[in-house]
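**Q** next come a sequence and a model predicted from it.
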Amino acid sequence: MHENENSLIREGRNAWRLSPAERLAFLVDGESYFDALARSLRQARHNILIAAWEIDDRVALTRQGGEVQRLGDLLADCLRQCPTLRVYVLAWDFAMLYAVERGLQPLFRLRFSTPRRLRLHLDSRHPVGASHHQKLVVVDGRVAFLGGLDLTRNRWDRSEHRPDDPDRVNDEGARYPPFHDVQVAVEGDAARALGEHFRERWQDATGARLSPPPDPSGEPTPWPDGLALDAEDLKVALARTRPPLDGRDEVREIEKLHLDSIAAARRSIYVENQYLSSVSVVQALGERLADPRGPEVVLVVPRRCPGWLEQQTMGLLRRQRLQELRAADPGGRLRVVYPDVPGGEDGVYVHSKVMIVDDLLARVGSANLSNRSMGFDTELDLAVESQGQERLARCVAGLRNRLLAEHLGASPESVERVIHESNGSLIAVLDRLGSADGRTLRPVDDPPLPPEMRDIAETGRDLADPESPEQPERLLTEFLSRDVPRASRSPWLKAAAVAAAIAALVGLWRFTPVGDWLAPERLASFIETLRATPLAPLGVPALYTVASILFVPITLLIVATALVFGPLSGTAYALTGVLAASAATFGLGRLLGRDVVRRASGRRLNELSRKIARQGILAVAAVRFVPVAPFTLVNLVAGASHVRFRDFLLGTGIGVTPGVLGIVLLEASLEELIRRPGPGGVLAVVGVAAVLVVLFALLRRFGGASGS
């Protein structure tokens with residue numbers, strides 16, 4: 001591919017680099033990627049560079065004849081066998097916020113169970129709430145892999161996506177649902193450019209400069225033997241998202257590439273993505289659907305967002321965006337579908353981040369179609385543009401046909417034939433090759449959002465899916481502002497969102513087989529044991545303290561306390577427990593010291609703590625009520641920095657009391673409604689929700705009136 005005046009891709013606008021690649025291969029699903037990566041890693045001689053949102057040394061890269069080879073073991077073997085090899089791993093520093101879900105043990109085990117030539121660093125160079133989301137591996141500066149797949153648990157799957165596949169288990173032997181994703185491998189200058197990108201990221205995160213690998217002339221390539229090629233001797237575009245931070249310029253190349261690609265489409269836009277919440281991308285798609293001469297748009301997404309939290313945040317935003325797209329589609333050129341397999345419950349979970357426009361352009365990377373990925377998180381994508389070259393047009397179309405064929409249980413040749421016979425229609429492929437009872441793509445049945453829920457979804461966007469670092473800070477500033485709008489509906493809507501989230505939480509643990517150790521019932525069993533002893537007044541706060549240190553979500557503890565003690569005693573015990581845990585983890589933060597906690601929490605959160613220290617008690621209360629980071633992390637940072645203990649404890653008490661009351665009372669009223677269905681129970685739930693609304697509004701007004 002050669003850049004010319006007709007090229008869609010422009011360096012400095014929608015791409016960082018246009019780099020030559022000697023070879024390129026699309027790797028569809030975890031089995032093909034993990035196997036190819038393992039074969040490449042075994043050939044490494046100089047350095048292995050890994051950037052990841054999440055990494056787990058226990059992940060099985062190869063599974064043959066019942067034997068597995070795990071990432072940590074493979075890296076250790078490579079380092080022992082090659083004394084010149086070094087490994088550098090850059091992972092998301094806020095992985096600790098997910099400690100309950102995935103733990104920090106894999107990271108530290110990777111650091112300490114391998115030779116000292118492996119260096120692991122947790123990247124904190126991003127705004128509060130943002131993440132390091134790139135998924136990149138570079139081997140000797142000659143071969144690189146990037147896309148949507150992290151080297152972690154619950155990602156491996158075969159392209160058949162059989163629900164009963166006996167090999168689709170994680171390191172604990174637990175089954176997980178079918179999982180679909182896409183990665184791309186490149187060799188040549190493009191891999192060297194990606195190595196340069198990693199070294200820039202490493203220097204930005206650590207302050208240390210890594211040397212590039214030596215000239216590879218005369219050395220064998222670490223390209224995986226036997227890997228089928230999709231293209232040779234081409235140029236690929238590398239595009240990034242990087243948020244502004246401490247004078248560092250903002251980069252939104254990925255967003256521009258999406259918008260330019262959508263504008264250039266003539267017949268079809270094919271998308272696979274985990275999310276669909278980006279305002280700019282959906283607006284661009286809507287404009288093309290509204291154009292009578294615009295392209296067809298096929299969106300392949302998960303059937304639903306997993307877990308109650310995502311359903312109440314990204315799920316609501318997806319419903320809103322889909323409603324906008326459907327309203328913009330008078331010609332019926334939009335299809336929103338999910339992959340289904342016989343015997344599956346919720347279909348195949350789509351985690352890929354792919355956009356294919358006509359036979360013109362194919363993009364694979366880490367960026368979701370979310371606001372976060374356009375300007376808030378760090379992202380990395382690769383694109384192939386055909387520019388009228390038949391061999392590259394076949395490469396672009398071949399990936400699209402291969403993906404459609406996989407989802408429909410068909411062959412790429414049959415997909416290509418239907419597209420040819422229907423003058424490029426992807427909808428014709430869905431209609432003619434879809435199956436009623438086999439593998440197929442089924443319509444997503446997200447219902448439209450009621451009018452009263454739309455503002456809730458958009459309000460939550462500032463925290464769950466911000467477009468820029470300013471949005472979370474603006475929400476906090478607005479909350480602390482002296483000027484409170486007289487007729488603002490946002491406090492009521494935010495309170496309703498809180499009530500909906502609490503109800504969803506209670507329903508999740510009561511009526512679904514989640515049943516892990518964090519279930520309120522499991523926590524309640526510990527509290528029930530304490531209740532039967534004279535030590536309850538001391539034991540419950542102690543349990544809160546230990547659980548908080550382990551980063552157990554405080555909300556779950558409050559729900560468990562309400563289950564055991566009921567509304568009155570439950571409120572007292574929960575408040576006591578929250579304050580005890582706050583004081584203990586505040587003290588732990590002070591004991592650890594500012595430098596240690598800064599590394600764990602990130603610089604911007606420490607800047608926020610200085611602002612809170614200047615604002616005083618009510619600022620602490622505001623941060624508690626509209627949290628910008630998990631409960632325990634705020635406590636640690638406050639203890640290690642500038643906040644006085646008296647202000648911290650009083651502000652915490654003021655800030656958490658409405659939430660504790662709301663959770664306890666709403667849980668109790670829901671329990672009563674479950675036991676005795678009827679109008680009285682419904683009125684009780686509504687009444688408690690109203691109390692929560694009033695408390696929210698009063699706290700916001702009180703905090704705003706005293707802010708500076």
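**A** Received the coordinates, thanks. None of the values given here were measured: they were computed from a predicted structure. Numbering: from 1, shown residues only.
**Q** check contacts around residue 310.
**A** For residue 310, the contact set (Cβ atoms under 8 Å, 6 or more residues apart in numbering) is empty. C-beta here means a position set from N, CA and C on the backbone, and glycine is covered the same way.
**Q** give me phi/psi at residue 581?
**A** For residue 581, the backbone dihedrals are phi -60, psi -40 (criterion: degrees, to the nearest 10).
**Q** pLDDT value on the closest residue to residue 648 other than its chain neighbours, please?
**A** Take residue 648 and drop its neighbours on the chain: the residue closest to it by Cβ to Cβ, 6 or more residues apart in numbering is residue 638, 5.2 Å away. With respect to pLDDT, residue 638 has a value of 74.
**Q** residue 638 - how many residues pack around it?
**A** By other Cβ atoms under 10 Å, 30 other residues sit near residue 638.
**Q** quick one: it from residue 620, how far?
**A** 8 Å (Cβ to Cβ, to the nearest Å).
**Q** mind checking pLDDT for residue 489?
**A** With respect to pLDDT, residue 489 scores 42.
**Q** over to the one 4 residues further on?
**A** At residue 493 the predicted local distance difference test score is 46.
**Q** can you pull out the helices in the stretch 501-650 of the chain?
**A** Using DSSP state H, counting those that start in this stretch, the helices found in the stretch 501-650 of the chain span residues 520-531, 536-549, 554-592, 594-601, 603-615, 617-625, 631-640, 645-675.
**Q** the first one - what's its average pLDDT?
**A** Same thing as helix 520-531. On average, helix 520-531 scores 67.
**Q** same deal with stretch 214-223?
**A** Averaged across stretch 214-223, the pLDDT comes to 88.
**Q** and what of stretch 300-315?
**A** Mean predicted confidence for stretch 300-315 is 79.
**Q** so how far does it reach from one end to the other?
**A** Using Cα to Cα, to the nearest Å, one end of stretch 300-315 lies 15 Å from the other.
**Q** do stretch 157-165 as well
**A** End-to-end distance for stretch 157-165: 9 Å, by Cα to Cα.
**Q** in it, what's buried?
**A** 157-159, 161-162 (16 or more other Cβ atoms under 10 Å).
**Q** farthest pair within the residues you listed?
**A** Across the buried residues of stretch 157-165, the longest distance by Cβ to Cβ is 10.0 Å; it joins 159 and 162.
**Q** so what touches stretch 228-239?
**A** With Cβ under 8 Å, 6+ apart as the test, stretch 228-239 has contacts from 1-3, 9, 14-26, 186, 190, 193-194, 197, 253-254, 256-257, 363, 365, 380-385, 391-392, 395, 398-399.
**Q** which of those residues are buried, as a ChimeraX select command?
**A** Buried residues among those (16+ other Cβ under 10 Å), as a ChimeraX selection:
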select :1,9,14,15,16,17,18,19,20,21,22,23,24,25,26,186,190,193,194,197,253,254,256,257,363,365,380,381,382,383,384,385,392,395,398,399
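**Q** how close does residue 357 sit to residue 208?
**A** From residue 357 across to residue 208, the span is 40 Å (Cβ to Cβ).
**Q** so which of the contacts of stretch 228-239 are in helices?
**A** The helices, defined by DSSP state H, take in 190, 193-194, 197, 253-254, 256-257, 391-392, 395, 398-399 from these.
**Q** list the residues that contact residue 35.
**A** Applying Cβ under 8 Å, 6+ apart, one finds that residue 35 lies in contact with 61-62, 224.
**Q** and if you look at residue 61?
**A** Residues near residue 61 by Cβ under 8 Å, 6+ apart: 34-35, 37-38, 68-71, 74, 151.
**Q** ok, so of those, who is nearest residue 332?
**A** residue 34 (39.8 Å).
**Q** the closest one belongs to a helix?
**A** Yes. Inclusion of residue 34 in a helix is indicated when DSSP: H, G, I helix; E, B strand; the rest coil is applied.
**Q** got the domain boundaries for this protein?
**A** Taking automatic domain parsing as the criterion, the chain consists of the domains 17-213+226-235, 238-443, 478-706.
**Q** which parts of the stretch 301-450 of the chain are helices?
**A** With DSSP H, counting those that start in this stretch as the definition, the stretch 301-450 of the chain shows helices at residue ranges 307-312, 314-327, 371-375, 390-408, 412-421, 426-433.
**Q** kind regards, and thank you for your time.
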